[in-house]
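Peer 1: How does the following fold in three dimensions:
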Amino acid sequence: PLPTERKYDFLFLGHLRKEKGIEILLEAWTLFHTSHPQANLCIAGFAPFGFDKSKYTGMNIDFILQFLSDEQYFNLGSTARCVILPYTRGTNSGVVSTLVTFNNDIITSDLDMFKSNSLLSQELMFECGNPQALVQKMEQVLQ
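Peer 2: Numbers count the residues shown, from 1 in each chain. A predicted model of the protein is given here:
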């Protein structure tokens, strides 16, 4: 059974490759956090490159930068209010089919692979590469 308690307002889940848009998410979070300091974000997944967490200290971000076990993946996904997939490139994403089972909102960029996925809400898609557009969708979810 899925846990009912939501631990995170927002969650990024997955391998932190460049095309996953992690820089877009962090730029958006920097803007979003100033007007929503109580909101929290978790960024979870293996980071194949050096990643400087220090500049995000005090911004309510939990970083879990490691390979996630199935149990960790499940627990994180099921305790997040909203998952953010700010990808800048991609052709398909198996992560969507697992995330929809958690019954949380899913914000995605407007890549064709997401637009053609009937499991995703078109209303929660933002312009690819645009941090301000992502902030608007995050605000929409928190209302």
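Peer 1: The host helix or strand of residue 9 pairs with which strands, and in what direction?
Peer 2: Assigned by DSSP states H and E, residue 9 falls within strand 8-13. Strand 8-13 has the following sheet partners, assigned by DSSP bridges: strand 41-44 (parallel), strand 80-85 (parallel).
Peer 1: so who does residue 120 touch?
Peer 2: Residues counted as contacts of residue 120 (C-beta atoms under 8 Å, 6 or more residues apart in numbering) are 96, 100, 106, 108, 114. For glycine as for every other residue, the C-beta is placed from the backbone atoms N, C-alpha and C.
Peer 1: Check what pLDDT it gets.
Peer 2: Per-residue confidence at residue 120 stands at 94 (pLDDT).
Peer 1: And for residue 91?
Peer 2: Residue 91 is assigned a predicted lDDT (pLDDT) of 69.
Peer 1: On the strand side of things, show who the residue sitting nearest the centre point of the chain bridges to.
Peer 2: Central residue of the chain (C-alpha atoms, centre = their mean): residue 84, 2.5 Å from the mean position. Beta-bridge partners recorded for residue 84 (DSSP bridges): residue 107.
Peer 1: Which of the contacts of residue 120 ranks first by neighbour count?
Peer 2: Ranked by the number of neighbours (other C-beta atoms under 10 Å), these place residue 108 first, at 26 neighbours.
Peer 1: still on that earlier bit, in the strand holding residue 9, which residues are buried?
Peer 2: Neighbour counts over strand 8-13 (16 or more other C-beta atoms under 10 Å) mark 8, 9, 10, 11, 12, 13 as buried.
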